[in-house]
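Chemist: below are the sequence and a predicted model; questions follow.
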Amino acid sequence: MTATYTPSELLAVSASRLLADNKVVFAGVGIPLLASALARATHAPGLTIVVEGGSIGLEVDPGRLPISTNEMRAARRAVALPSITQIFLYAQRGYFDYGFLGGAQIDPYGNINTSVIGTVERPKVRLPGSGGACDIACLCREIMIVTRHERRRFVERLDFVTSPGQIDGGGGRRRAGLLFGGVTALVTDLALMDFDPGTGRMRLVALQPGAEREQVREQTGFELEVAPDVRRLEAPTGDELKLLRGLDPSRMFL
């Protein structure tokens, strides 16, 4: 019998599978933290979770997810509790392998807008802004974007660039002075994308269970490159869903 799951559960499981063992992930609360905790509980027990509020190596308490990186639940069994400033100094030195980001708008090169919809002078919508997202995008070795796949999010041109992806294509980050890192994966409830190493543009590499290429094209507001062999991602297993739901039984983020 095929397990049923929500789009948020699909995102969390798909993102968790991208995290390798014995790496360091800079995770925000919500889906990124759930994905990181699920990876630790399954295939990556040596994964170190870092949160912005100043916690390194925390262990998520099932059923007691932090809703902010600045609360004590985000420090459970942490190996170190440095300051926020020190966390970003570690990021600047290249210690963090993965960083998770979301966004209201994403362009073909993985640049992200979380600032305004419309013009800066007369915005239609004011968004939360950067927080630590710009630093994460600039300083982590691999950036993973996790979001729902909606045409309004995937746009040809951003209203505002909050966090840099590949900037304007191959070599754009280096020309801007970013010496390492880059956006390597984008996970949605429809597909998995990477970025072409030559052009730097977003590229479809895999489809989520039940999703089709035309559906992905319809929900993407620009021409999406396609890998030669687009594969099909596996659905979340019963064990993955059981562990995930145990982490968030109240469905606060799922």
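Modeler: Structure received.
Chemist: where in this protein is pLDDT low?
Modeler: Along the chain, segments meeting pLDDT under 70 span 1-2.
Chemist: look through it and tell me its longest strand.
Modeler: Counting by DSSP state E, the longest strand found in the chain is strand 225-232.
Chemist: now do that one: distance to the chain's middle.
Modeler: Its chain's C-alpha centre and that of strand 225-232 lie 21 Å apart, by C-alpha atoms, centre = their mean, to the nearest Å.
Chemist: surely Thr237 touches Ala3?
Modeler: Yes: look at Thr237 against Ala3 with C-beta atoms under 8 Å: they come within range, at 7.1 Å. All C-beta atoms are positioned from the backbone trio N, CA, C, and that covers glycine.
Chemist: buried residues in stretch 241-253, which are they?
Modeler: 241, 243-244, 247-248, 253 (16 or more other C-beta atoms under 10 Å).
Chemist: contacts made by that stretch with the rest, please.
Modeler: Outside stretch 241-253, the residues that touch it by C-beta atoms under 8 Å, 6 or more residues apart in numbering are 3, 5, 8-9, 12-13, 29-31, 34, 37-38, 41-42, 60, 62-63, 65, 67, 236, 254.
Chemist: let's see 6 Å
Modeler: Stretch 241-253 is contacted by residues 3, 5, 12, 30, 34, 37-38, 41, 62-63, 65, 254 when judged by C-beta atoms under 6 Å, 6 or more residues apart in numbering.
Chemist: in helices only, show me the residues you listed.
Modeler: 12, 34, 37-38, 41 (DSSP state H).
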